[in-house]
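> okay, sequence plus prediction incoming.
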Amino acid sequence: FAGTIRAVGTQTGGVDTIAVSGAGTPMTTGSIEGQVRNAQTDLPQRDVRVWAVTSGTWNVAAVADTTISGSYAISGLAPGSYVLFTTNNLGLVDEVYDNIACPATPCDVERGTPVAVSAGATTAGPVFRLDPGGRVSGRVTDGATGAPLAGVSVSLYAPHPTGPRFVRSATTNTSGDYTA
């Protein structure tokens, strides 16, 4: 319970008597705690964002970033079911729980396994094991002169039944080189 409690006490002959009054309110939210690890090395992964969306919707309920130990804690969740997914800039393939690769944005949260949250409770959340992803590198040049072009945005998309989905982007450096 959380709330304000007022205690009034007296001491009689060395014995404390305390009367407690007030209205406590039950905890109305819960949380999910878990971890993110590299699937290849099993090392914890820092700075991965874990998203909780209300099951059956695209409504983002909360997000949390992993700590140096790879742990995350998503708090303040109303009782219900949530689908979790990751996003990162570490070169790892993101996932929707339970082990569904999510190489493109947005993730297909409809395919995720819901995680139940109860009021006043912490749910042991999933351990995400993210696989290392690939990189695409190249050089952008002027078609007429062959000179490198700096500051060009290069975007990568993955095929999807409903249309291409954004994967990541990069900007060329002064030599026209990029890695995404």
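All right, it came through fine.
> what pLDDT does Val167 get?
Here, the pLDDT recorded for Val167 equals 77.
> from Gly112, how far out is it?
19 Å (Cβ to Cβ, to the nearest Å). Placement of C-beta: from N, CA and C, glycine included.
> neighbour count: the two, which is higher?
Neighbour totals were compared for Val167 and Gly112, and Gly112 leads with 20 against 16 (other Cβ atoms under 10 Å).
> residues contacting the more buried one?
For Gly112, the contacting residues are Val83, Leu84, Phe85, Val96, Tyr97, Asp98, Ile100, by Cβ atoms under 8 Å, 6 or more residues apart in numbering.
> may I have the beta-bridge partners of the residue most central in space within the chain?
The centroid of the chain falls nearest to Val50 when counting by Cα atoms, centre = their mean (0.8 Å). Residues in a beta bridge with Val50, per DSSP bridges, are Ala64, Thr86.
> correct me, but it touches Glu33?
No. If you go by Cβ atoms under 8 Å, Val50 and Glu33 don't touch, sitting 10.1 Å apart.
> residues shared between the contacts of these two?
Listed as contacting both Val50 and Glu33 by Cβ under 8 Å, 6+ apart are Tyr72, Ile74.
> what's the helix or strand hosting Val53 packed up against?
Using DSSP states H and E, Val53 maps to strand 49-54. On a contact count with 3 or more Cβ pairs under 8 Å, 6 or more residues apart in numbering; DSSP states H and E, strand 49-54 meets strand 30-38, strand 60-65, strand 71-77, strand 80-87.
> distance between the third one and the chain's centre?
Think strand 71-77. In terms of Cα atoms, centre = their mean, to the nearest Å, the centre of strand 71-77 is found 9 Å from the chain centre.
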